[in-house]
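**Student:** Sequence unavailable; structure follows:
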Ligand code: ITT
């Protein structure tokens, strides 16, 4: 089975990606390769940040790898927090701080449209590839649900009455931005093996 490193320090993402890969790929974590690096994400787009993370691990450890960068883009506030989603409420802030700031900024706004977007950068066999996934939805007025992570309690995907944090991991992993991007990556890697 194809082995590939997923360059993330986010344990929730690792769990999601392993569930989405569904045993078709062997996904190694950064701790599996004994990497405890803090990788600075100073790109100005999701694509650039995904490449920065993947490139760092490829150059330092030599493994074929991929990295994900994800942002929440909210239309009424100029597509913020976007590439700054992780540090929206400041450096080292918590997901709760980020959601509280977002709900404050959205107070009284009638346009609640938002989307999650994921860029995955893959460095494999000396080549670089990018895969994307996105899902549209809306920002609700108050947090609901306890599954998932990050902004999931305030994001309700189109076609659902529940937030990502209410629909649960299994359903989220069928429809999410990350699932769409990851399925493209898995199809690519598996077709290469044929
Ligand atoms: P790595 O860079 O180590 O992969 P990270 O948590 O820093 O992990 P990102 O920069 O991609 O990852 O995350 C941007 C922010 O968006 C961060 O606050 C996450 O909690 C949030 N986020 C990412 N994916 C999400 C998802 O599927 N649902 C809700 N929030 C998400």
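**Tutor:** Alright, I've got the coordinates. Treat the numbers as computed from the prediction; the structure is a model and nothing was measured.
**Student:** Strands along the chain, start to end?
**Tutor:** Counting by DSSP state E, the chain has strands at residues 3-6, 26-28, 65-74, 80-82, 113-124, 127-139, 155-157.
**Student:** Pipe the ones you listed into TSV and attach mean pLDDT, mean neighbour count and distance to the ligand per row.
**Tutor:** Every residue, glycine included, has its C-beta placed from N, CA and C. As requested, the strands of the chain are exported to TSV (pLDDT from 0 to 100; neighbours: other CB atoms under 10 Å; distance: least, CB to the nearest ligand atom, whole Å):
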stretch	mean pLDDT	mean neighbour count	distance to the ligand
strand 3-6	94	20	8
strand 26-28	95	16	13
strand 65-74	98	25	4
strand 80-82	98	19	8
strand 113-124	98	22	6
strand 127-139	98	17	9
strand 155-157	98	23	7
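**Student:** mind giving me a markdown table with those and columns for distance to residue 145?
**Tutor:** Shown next, in a markdown table, are these (distance: least, CB to CB, whole Å):
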| stretch | distance to residue 145 |
| --- | --- |
| strand 3-6 | 25 |
| strand 26-28 | 26 |
| strand 65-74 | 16 |
| strand 80-82 | 20 |
| strand 113-124 | 15 |
| strand 127-139 | 13 |
| strand 155-157 | 10 |
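**Student:** Does residue 117 touch residue 74 like I think?
**Tutor:** No. Judged on CB atoms under 8 Å, residue 117 makes no contact with residue 74 at a distance of 11.5 Å.
**Student:** Show me the beta-bridge partners of residue 68.
**Tutor:** In this entry, residue 68 is beta-bridged to residue 120, by DSSP bridges.
**Student:** surely it meets residue 116?
**Tutor:** No. Judged on CB under 8 Å, residue 68 makes no contact with residue 116 at a distance of 11.4 Å.
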